[in-house]
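Novice: Sequence first, predicted model second:
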Amino acid sequence: MAMTPLPWLNYHHLRYFHATVQEGTMGAAARKLGLAQPTLSGQIKLLEEALGEPLFERRGRGLELTETGHIVFDYAETMFGLGQELLSAVRGRTGLRGARLAVGVSAHSIHATATRAPVRSRRERAASMGT
C-alpha cells in the first residue's frame, strides 16, 4: 500500500504572510521584503491555495485575518521563533565561535618558576662553555 505524500508547505510563502500580518498592509510588507506588491500578493495567494483556505478578508482598503489566518499566523510565530532558537543554539556551541581558554596559576607554580635557573639560548650556553 503506497503512502500518499504530505502536502508541501513553502516556508517563503509563510514568511511573506507573516510579514504582511506584522506590517499591517501588503504595501508595507512588500517594501520590507524587497518585493513588488503584486508579487507578494501572488505568493500569499499560492499559500492560500496550498492550504485550501483564505487567510485574509478585504475590509475597505485594509486586510483582516480570517479564522484560518489567525491559526496560520500563530503557527508561523511559533515556527519562526523556534528557527531563531535553533540558530542561537547552534551558534552558541563551542567550536562555532571562539573557544575560551582559562589559565590558572598556583602559588606553588610561581615559586617553582622563580627558583629555577633561567633558560639560556644555545648561543649563551656555547659562550659559557668557551666555544
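Specialist: Received the coordinates, thanks.

Novice: can you count the residues close to residue 25?
Specialist: A count of nearby residues for residue 25, using other C-beta atoms under 10 Å, gives 13. C-beta here means a position set from N, CA and C on the backbone, and glycine is covered the same way.

Novice: Actually, residue 73.
Specialist: By other C-beta under 10 Å, the residues close to residue 73 number 18.

Novice: Kindly report the same for the one 10 residues further on.
Specialist: Look at residue 83: counted by other C-beta under 10 Å, it has 12 neighbours.

Novice: part of a strand, is it?
Specialist: No. Under DSSP: H, G, I helix; E, B strand; the rest coil, residue 83 falls outside any strand and is assigned helix.

Novice: so how far is residue 91 from it?
Specialist: Remark: distance between residue 83 and residue 91 (C-beta to C-beta, to the nearest Å) = 13 Å.

Novice: now residue 28
Specialist: From residue 28 to residue 91 the distance is 30 Å (C-beta to C-beta).

Novice: which of these two has more neighbours?
Specialist: Shown here are residue 28 and residue 91; by other C-beta under 10 Å, residue 28 has more neighbours (14 against 9).

Novice: any idea of the pLDDT on that one?
Specialist: We have a pLDDT of 95 for residue 28.

Novice: buried stuff in the strand or helix carrying it?
Specialist: Assessed by DSSP states H and E, residue 28 sits inside helix 26-33. The neighbour-count check on helix 26-33 (16 or more other C-beta atoms under 10 Å) flags 26, 29-30, 33 as buried.

Novice: Would you format those residues as CSV with distance to residue 44 included?
Specialist: What follows is the buried residues of helix 26-33, written out as CSV (distance: C-beta to C-beta, whole Å):
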residue, distance to residue 44
26, 8
29, 9
30, 11
33, 11
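
Novice: which one among these gets closest to residue 52?
Specialist: Distance to residue 52 across those (C-beta to C-beta) is lowest for residue 26, with 21.2 Å.

Novice: okay, and the helix or strand of this protein with the least pLDDT?
Specialist: For the chain, counting by mean pLDDT, DSSP states H and E, helix 107-115 ranks last in confidence among helices and strands (a mean of 50).
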